[in-house]
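Novice: Give me the fold of what follows.
(2 chains)
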Amino acid sequence: MKYLFYPGCSMDASALEYQTSMLAVLKTLGAEVQELDDWTCCGASIAPVMSDLLGLAMPARNLALAEKQGRGQELLVGCSACYTNFGRVTAAAANPATLTKINQALEVEGLVYRRTAKARHLLDALANDFGPEMIKSHVKRPLTGLTVAPYYGCQTVRPYAKYDDAQHPTSMARILEALGATVHSHAHEATCCGTALLTTKPHVGLEIVGEILQAASPADCIAAVCPMCHMNLDSYQDKVSGVLGQRIRIPVLFLPQLIGLAFGLPESDLLLKREVVPVAPVRAKLASEANKQPAPAAPAG
Amino acid sequence: MAASESINLTAVKRDPTFGDRLTPAGHLLRTCIQCGTCTASCPSAAAMDISPRQMWRMVQLGLEDQVLHSKTLWLCSVCYECHVRCPRGIPLTETIAKLKQLAIRKEIKEWRESTTFYKIFSDVMRRYGRMREMEFMARYFMLTNPFAALGYANMGLTMFRRGKLRPEIPQLTGEGRLDKLFKRVAELEAQP
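Specialist: Numbering: from 1, shown residues only, chains lettered A, B, ... in the order given. Purely as a prediction, here's the structure:
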């Protein structure tokens, strides 16, 4: 598989471990990934509030770059907010008048958006281009005994995603099972992480995060596939504990970090030390499980 | 206004075209049947001054001022839950973006902690073409509530230690990376 890759602002900064582990996992799976040159911000949820056209031109600029630089490869995206913006502009530009207006704006960047670029979420690619079976065939250290709570968040699966159910997604659970982990299903897998409310309306945002963390807490860790979700669930646990009047401490890993652990990739590929809530208990659990059992049989095939 | 307050519809200023101006939903908002699925689906509904269902009814009634001054808009975290569940297929989440747009243009003051967030974020995008988390947060707290920043000091320090925050020198003068695009967009938006 060959992809173009759009990191987006967070994956290139606060969520660098997501980018690093994702690229390492894709390499192990045999994918060729080329970063989009000269990419800029997708506009987040901000540009559409500044103006209709800005909200379309910012993501379209990157899709136009992908059309120019790629040879038909799809554009891989790890951030669910970026992914949603690409889906939104692709849908809106089906209207020829809107497409014309977008291109009048992109003229100053020397770019043309032809609506041929296609953005794919990393989760979609992992679940459907590679699939649990192929992922399983690369597992060297199964996550046996580790209970993982999948957390999809909102924009990973709606409203533009077509690869999974918008309210009851399952693609991550199938991957986690392929890694040998036990999946902890819970009621908040696809609810919202509160996004910017953690900054602008902290009392509301912290309650939203608190509900998710409580629902996920019977698990050893949470698996996330969006930098924003990860930041909210991982960084605010002290504050959430204060609001709930109950100490909550559960490591939050990016899905490719968990896949990388199962693939036996080195720390330099996983950057697990970057998580705010230490990941040490996850490693300890895996180590104690590994001691309990005879060495895993080599995977078939 | 509080949810329990009543509004005298004959005495209050109304604009019946309000809902229709909220592209891309446009006239679709007239088809809202007030089922309340949006309110039941909203993770922030409990903290709102008017519920999403009430807000859409007020939009239908043309109560522009009351809607644009409400806290409800700024509690939307853009999760698209109401959007995918609306039995009328109204793109509610993206219509809220439009309401936020109008409130920012009218410089409505009540929810400065939210409107400032959008304005500074937009300025950082224009200037660098990409987000700069540290500069953004510093400017945000400076303009809204510098003391609130203290509450984040511990968290910020941990994130800094983990390498999650990257200090970068702000470049507040000279041409911004996306100045040209922002300028062209503004020109095109100003056309009738």
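Novice: ok, the closest residue to residue A:181 other than its chain neighbours - contacts?
Specialist: Spatial nearest neighbour of residue A:181, excluding adjacent residues (Cβ to Cβ, 6 or more residues apart in numbering or on different chains): residue A:143 at 3.9 Å. For glycine as for every other residue, the C-beta is placed from the backbone atoms N, C-alpha and C. Residue A:143 sits next to A:176, A:179, A:180, A:181, A:258, A:261, A:262, A:286 when contact means Cβ atoms under 8 Å, 6 or more residues apart in numbering or on different chains.
Novice: pLDDT score for the most centrally placed residue in chain A?
Specialist: Residue closest to the average C-alpha location in chain A (Cα atoms, centre = their mean): residue A:225, at 2.4 Å. Residue A:225 is assigned a predicted lDDT (pLDDT) of 98.
Novice: I'd say it and residue A:157 touch.
Specialist: No - at 9.7 Å, residue A:225 does not count as touching residue A:157 under the criterion of Cβ atoms under 8 Å.
Novice: where along chain B do the strands fall?
Specialist: Here chain B has no strands by DSSP state E.
Novice: Run through the stretch 151-300 of chain A and note the low-pLDDT ranges.
Specialist: Applying pLDDT under 70 to the stretch 151-300 of chain A picks out residues A:294-300.
Novice: residues from it in reach of chain B?
Specialist: A:154-155, A:158-159, A:166-167, A:191-197, A:199-201, A:203-205, A:208, A:235-236, A:238-239, A:273-276 (Cβ under 8 Å from any Cβ of the partner chain).
Novice: So which helix or strand of chain B has the lowest pLDDT on average?
Specialist: Counting by mean pLDDT, DSSP states H and E, the weakest-scoring helix or strand in chain B turns out to be helix B:146-150, with a mean of 85.
Novice: and that helix, what does it pack onto?
Specialist: Counting contacts by 3 or more Cβ pairs under 8 Å, 6 or more residues apart in numbering or on different chains; DSSP states H and E, helix B:146-150 packs against helix B:133-143.
Novice: Now do the buried residues in the helix it packs on.
Specialist: Neighbour-count burial for helix B:133-143, counted by 16 or more other Cβ atoms under 10 Å in any protein chain shown, picks out B:133, B:134, B:135, B:136, B:137, B:138, B:139, B:140, B:141.
Novice: Which residue is the nearest non-sequential neighbour of residue A:148?
Specialist: In space, residue A:148 is closest to residue A:181, 4.6 Å off (Cβ to Cβ, 6+ apart).
Novice: Near the one you found, how many other residues are there?
Specialist: Counted with other Cβ atoms under 10 Å in any protein chain shown, residues neighbouring residue A:181 total 26.
Novice: swap in residue A:273?
Specialist: Residue A:273, neighbours per other Cβ under 10 Å, totals 13.
Novice: just the one 3 residues further on next, same as before
Specialist: The tally of other residues near residue A:276 (other Cβ under 10 Å) stands at 20.
Novice: And residue A:165, by the same measure?
Specialist: 13.
Novice: Setting the sequence-adjacent residues aside, check what's closest to it.
Specialist: Among residues not flanking residue A:165 along the chain, residue A:157 sits closest, at 7.0 Å (Cβ to Cβ, 6+ apart).
Novice: Count the residues that sit near the one you found.
Specialist: Quick note: residue A:157 (other Cβ under 10 Å) scores 29 neighbours.
Novice: With residue A:116 instead?
Specialist: Neighbours around residue A:116, by other Cβ under 10 Å: 12.
Novice: swap in the one 3 residues further on?
Specialist: Residue A:119 is flanked by 25 other residues according to other Cβ under 10 Å.
Novice: Quickly list what it is bridged to.
Specialist: residue A:75 (DSSP bridges).
Novice: need the contact list for it.
Specialist: The contact partners of residue A:119, by Cβ under 8 Å, 6+ apart, come to A:6, A:63, A:74, A:75, A:76, A:77, A:82, A:83, A:86, A:87, A:90.
Novice: how about residue A:93, what does it touch?
Specialist: A:56, A:60, A:99, A:102, A:113, A:115.
Novice: ok so, going back, filter the residues of the stretch 151-300 of chain A next to chain B down to the buried ones.
Specialist: So, of those, A:154-155, A:158-159, A:166-167, A:191-197, A:199-201, A:204-205, A:208, A:235-236, A:239, A:274-276 end up buried under the neighbour-count rule (16+ other Cβ under 10 Å).
Novice: If you check the stretch 101-250 of chain A against chain B, which residue is the closest one?
Specialist: Nearest residue of the stretch 101-250 of chain A to chain B, counting by Cβ to the nearest Cβ: residue A:192, 3.3 Å away.
Novice: hang on, isn't that residue packed against residue B:77?
Specialist: Yes - the criterion here is Cβ under 8 Å, and residue A:192 meets it with residue B:77 at 5.1 Å.
Novice: quick one: common contacting residues for the two?
Specialist: Shared contacts of residue A:192 and residue B:77, counting by Cβ under 8 Å, 6+ apart, come down to A:208, B:43.
Novice: what about residue B:73, distance to residue B:113?
Specialist: 13 Å (Cβ to Cβ, to the nearest Å).
Novice: Settle it for me: which of the two has more neighbours?
Specialist: residue B:73 (26 against 18).
Novice: Can you give me the pLDDT of the more buried one?
Specialist: Note on residue B:73: pLDDT of 95.
Novice: show me what contacts it?
Specialist: Contact analysis of residue B:73 by Cβ under 8 Å, 6+ apart lists B:67, B:96, B:99, B:100, B:103, B:111.
Novice: any idea how far residue A:72 is from the residue nearest the centre of chain B?
Specialist: For chain B, the residue nearest the mean C-alpha position is residue B:100 (4.1 Å; Cα atoms, centre = their mean). Separation of residue B:100 from residue A:72 (Cβ to Cβ) stands at 37 Å.
Novice: Likewise for residue A:216?
Specialist: To residue A:72, residue A:216 is 39 Å away according to Cβ to Cβ.
Novice: ok, these two, which is more surrounded?
Specialist: Applying other Cβ under 10 Å to residue A:216 and residue A:72 shows that residue A:216 carries more neighbours, namely 25 against 11.
Novice: before we move on, the earlier item: can you narrow the buried residues of helix B:133-143 to ones near chain A?
Specialist: B:133, B:137, B:140.
Novice: nearest to chain A, of those residues?
Specialist: Using Cβ to the nearest Cβ, these come closest to chain A at residue B:133, 5.8 Å.
Novice: Verify the contact between the closest one and residue B:167 for me.
Specialist: No - Residue B:133 is beyond contact range of residue B:167, at 10.4 Å (criterion: Cβ under 8 Å).
Novice: Scan the chain for its longest helix.
Specialist: Assuming you mean chain A. Ordering each helix of chain A by length in residues (DSSP state H) puts helix A:52-69 first.
Novice: could you do chain B instead?
Specialist: Max-length helix for chain B by DSSP H is helix B:112-128.
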